[in-house]
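Colleague: what's the 3D shape of this:
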Amino acid sequence: MFCGLAAGVWLGGAEAPTKLVNAGFSPFAVSFCMVLGVFTARWTFPTLIKGTSYVFADIRSKKHLLVWAVLAGALWAVANTLTVFAIRDIGLAIAFPLWNANSLIGLLWGRVLFRELQGAPRSTIVKVIAGAVLIVIAAILLGFSTFHAGAGVVPHNAIGGIFAALGASLLWGTMYVPYRKAYLSGMNPLSFVTVFTVGELLTMFALVWFFDGGSRSSVFHLANASPYIFWLFLGGFVWVIGDMFQQFAAKYLGIGRGIPLSNTNQLWGLAWGALVFGELAGSDTAHKAMVLAGSAIMIVGALLISAAKASDAEHTSRNMVLERECDRYGLDYQQVLLAQTGDELDGPSRRCWWDYLILLAAMGIFVKLASVAAAPQLVFDRRWTAVLAVILIVSLIACGYLLHKRTRFS
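Modeller: Predicted structure coming up:
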């Protein structure tokens, strides 16, 4: 549960740099730079925490999951690009809650494919259904709120922005299927995200090539925009931290519960949009009321779902799914069962010389980009930026420590 909450804080902050799309950058260029930051971070954190020897040993033992991880990365890349269009067209504070309807999609796949909620008592089922209904109501309410003027942005393509956000919701909700499949097979989230990034990078390159002018795309001419590349890399880096917490939440709670909990990121997305970028400044009372009410309703829905505690019968259903996966791919059932509670058998975790080289390379990239970085030509509140940055750091330290203490990042 703490991982889910920490994921909300970091995933909310990760989208703030995408406001650069309003400074004239192509949405594809923004997304591609974020993916480059994601790629750098996904190789950095697993290397820092476990070492590449552990990661590659885990991957070799579950080769059947490689294609699933690449597929998940591809879905993420397309969804992330859609969110940039949504932010451009309807603003961060509005787009965020709309695409967070992905919890409904994740809930559906969790029930259909992985027997989540099977055998649950009626009270648990009621909480989950009520939470899902509230999320739908909130999404509709927030969608209609975009037709009000104000909010610091003029939605020149409100309909397109709504569909972009909902499309991202559909893809992100489906992306959790490979997540759950990997963790039911006993794969470590740190190993999964390492392969995940390959699908992200390849798909993002294809999107740029086919939809953003090919070799003429602004992505390949970003040297002139180097003062801003740092912020997009940073957005991808921040997103990875949130996603790693979300991965652990999905592993230990399931996608039906873990994803809604991490979707409290809408609260932090609203905070960044409204407090830092002033997206609600000058808006009328009705607009503010609809945005705040929609966000509050969606949070209540997510909390209802996350509060639906799994019963013994549900754990039995999960174990049946574990047996199915083990029989299908020839895995050791007892070893996979131990991995579900964070008690996986220790694999090789020694550091090799190339681990330190990876870490130094990642640090070098960020130092280089930071040395030429400049503040974006955007109006934003520096005091609120500092406050939210402190919250990010505190949540990382506190939840990272708790996760290490309980599971040693297994």
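Colleague: Only C-alpha atoms from now on, for both contacts and neighbour counts.
Modeller: Noted.
Colleague: quick one: residue 228 and residue 1, what's the gap?
Modeller: Separation of residue 228 from residue 1 (Cα to Cα, to the nearest Å): 35 Å.
Colleague: Any idea how many residues pack against residue 331?
Modeller: Close neighbours of residue 331, defined as other Cα atoms under 10 Å, add up to 18.
Colleague: so how far is stretch 301-321 from its chain's centroid?
Modeller: Distance, stretch centre to chain centre, for stretch 301-321: 22 Å (Cα atoms, centre = their mean, to the nearest Å).
Colleague: Give me the contact list for that stretch.
Modeller: By Cα atoms under 8 Å, 6 or more residues apart in numbering, the surrounding residues in contact with stretch 301-321 are 114-121, 123-125, 127-135, 184, 256-258, 260-261, 263-264, 337.
Colleague: In helices, which of the residues you listed fall?
Modeller: 114, 123-125, 127-135, 184, 256-258, 260-261, 337 (DSSP state H).
Colleague: Which members of the residues you listed are classed as buried?
Modeller: For those, a neighbour count by 16 or more other Cα atoms under 10 Å gives the buried set as 114, 124-125, 127-135, 184, 256-258, 260-261, 337.
Colleague: Considering only helices and strands, which part of this structure has the lowest mean pLDDT?
Modeller: helix 92-99 (a mean of 72; mean pLDDT, DSSP states H and E).
Colleague: gap between residue 4 and residue 403?
Modeller: Counting by Cα to Cα, the gap from residue 4 to residue 403 is 11 Å.
Colleague: quick one: which of these two has more around it?
Modeller: Set residue 4 next to residue 403 and count neighbours by other Cα under 10 Å: residue 4 wins out with 29 against 18.
Colleague: so what pLDDT did that one get?
Modeller: pLDDT recorded at residue 4 is 87.
Colleague: Not counting sequence-adjacent ones, nearest residue to it?
Modeller: Nearest residue to residue 4, sequence neighbours excluded (Cα to Cα, 6 or more residues apart in numbering): residue 262, at 4.4 Å.
Colleague: Look up the closest residue to residue 192, ignoring the ones flanking it.
Modeller: Residue 192 sits nearest to residue 69 (Cα to Cα, 6+ apart), 6.2 Å away.
Colleague: ok, residue 39 - contacts?
Modeller: 197-198, 201.
Colleague: low pLDDT regions in this protein?
Modeller: Residue ranges of the chain with pLDDT under 70: 18-25, 92-93, 139, 142-156, 221-226, 344-350.
Colleague: give me that answer again for 50
Modeller: Scanning the chain for pLDDT under 50 picks out the ranges 148-154.
Colleague: Please identify which helix or strand holds residue 388.
Modeller: Under the criterion DSSP states H and E, the helix or strand holding residue 388 is helix 382-407.
Colleague: swap that for residue 231, sorry
Modeller: Using DSSP H and E, residue 231 sits in helix 226-253.
Colleague: any idea how far residue 125 is from residue 134?
Modeller: Residue 134 is 14 Å from residue 125, by Cα to Cα.
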